[in-house]
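Undergrad: just need the structure, nothing else, for what follows:
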Amino acid sequence: MRIAIDGPASSGKSSVGRLVAEELKIGFLDTGLLYRAITRRAIDLGWFTAPITAAEVADTNHEQVRHNLTELARSTDAQGSGSAFTMVIGGIPLADSQLEAADVELYVPAVASIASVRDALRAVQRNVAARGGAVLVGRDIGTVVLPDAECKIFLDATAEKRAVRRATQRGYAVGSAEHQAILASLIARDAEDRARPVAPLIAATDAITIHTDEIALTDVVKQVVAEARRVAR
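TA: The predicted structure is shown next:
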């Protein structure tokens, strides 16, 4: 059983995917961590000196950066099993705390927009999915990575609701400057993800869309598990 869960940032993909995988006793991979790993390594190597957009990184002036990032992608792997995967680049393991750093947030949308990077990571994702079944979460799993997945889910929620969730998770008060900054960042990321020419954020035509604004996490998990068991019959 391969379950593809897509959706925008903070729509609940990772939380839902991990719990669904636990319930069904199959593997789990948050594919966004692969892109974060490449971004983290590029920052540490000094390749980025200022925030860059997807449009800017596609410019001819950044051809060398695109090439270098693609080479990093080709040396990237998700090592482990179950839900305990470690992102490894060129033999160097990266901790989750490194991947969630604030500076990674600034650059990962641009990195994820590069077609050759996405092409290089597709094999890694499909290899994980083939290991006895798995839940993969991301933005193009059901449309590009696993277009033949047995179960496809698209989780969606308003940017406002997602911003509240992320602010609360990070300990910021709703309505605070930090909360407003998160909202602005999510809106900008949504625009980039949906408009990019390579693997844009869209629901697969055969995906089940679940709007999570007013649904509890446990109820979303139940819906996904029920759908997975239905298609597996």
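
Undergrad: tell me the contacts of the residue nearest to Gly80 when sequence neighbours are not counted?
TA: In space, Gly80 comes closest to Thr86 once its chain neighbours are excluded; the distance is 5.5 Å by Cβ to Cβ, 6 or more residues apart in numbering. Every residue, glycine included, has its C-beta placed from N, CA and C. Thr86 is in contact with Ala78, Gln79, Gly80, Pro93, Leu94, counting by Cβ atoms under 8 Å, 6 or more residues apart in numbering.

Undergrad: between these, which is nearest Ala37?
TA: Each of those was checked against Ala37 using Cβ to Cβ; the closest is Leu94, at 5.1 Å.

Undergrad: so what's the residue count around Ala228?
TA: The number of residues packed near Ala228 is 21, by other Cβ atoms under 10 Å.

Undergrad: buried stuff in the helix or strand bottoming out on mean pLDDT in the chain?
TA: The weakest-scoring helix or strand in the chain, judged by mean pLDDT, DSSP states H and E, is helix 54-57 (a mean of 77). Of the residues in helix 54-57, Ala54, Val57 count as buried by neighbour count, 16 or more other Cβ atoms under 10 Å.

Undergrad: start the count at 189, not 1, going forward
TA: Shifting the count to begin at 189 puts that one at helix 242-245.

Undergrad: check which helices and strands that helix is in contact with.
TA: In this structure, helix 242-245 packs against helix 290-300, with contacts taken as 3 or more Cβ pairs under 8 Å, 6 or more residues apart in numbering; DSSP states H and E.

Undergrad: which residues sit against the helix it packs on?
TA: Contacting residues not belonging to helix 290-300 are listed as 220, 223-224, 226-228, 230-231, 236, 239-242, 244-245, 257, 286, 305-306, 327, 373, 377, 380-381 [Cβ under 8 Å, 6+ apart].

Undergrad: likewise for stretch 248-264?
TA: For stretch 248-264, with Cβ under 8 Å, 6+ apart as the criterion, the contacting residues are 222, 225-226, 229-230, 235, 240, 244-246, 275-279, 299, 302, 304-305, 308-309, 312.

Undergrad: going through the residues you listed, which ones are buried?
TA: Listed as buried from the contacts of stretch 248-264 are 222, 225-226, 229-230, 235, 240, 245-246, 275-277, 299, 302, 305, 308-309, 312; burial here means 16+ other Cβ under 10 Å.

Undergrad: show me the longest helix that occurs in the chain.
TA: helix 365-383 (DSSP state H).

Undergrad: what helices or strands is that one leaning on?
TA: Judged by 3+ Cβ pairs under 8 Å, 6+ apart, helix 365-383 is in contact with helix 290-300, helix 347-357.

Undergrad: so how far is stretch 383-394 from its chain's centroid?
TA: In terms of Cα atoms, centre = their mean, to the nearest Å, the gap separating the centre of stretch 383-394 from the centre of its chain is 13 Å.

Undergrad: chain neighbours aside, what residue packs nearest to the residue positioned nearest the centre of the chain?
TA: Here the mean C-alpha position of the chain is nearest to the C-alpha of Gly220 (Cα atoms, centre = their mean), at a distance of 3.0 Å. With sequence-adjacent residues excluded and distances taken as Cβ to Cβ, 6+ apart, Gly220 is closest to Gly326, at 5.9 Å.

Undergrad: could you pull out the buried residues of stretch 340-357?
TA: Buried positions in stretch 340-357, judged by neighbour count with 16+ other Cβ under 10 Å: 340-345, 347, 349-355.

Undergrad: same question, stretch 322-339
TA: Of the residues in stretch 322-339, 322-334, 337, 339 count as buried by neighbour count, 16+ other Cβ under 10 Å.
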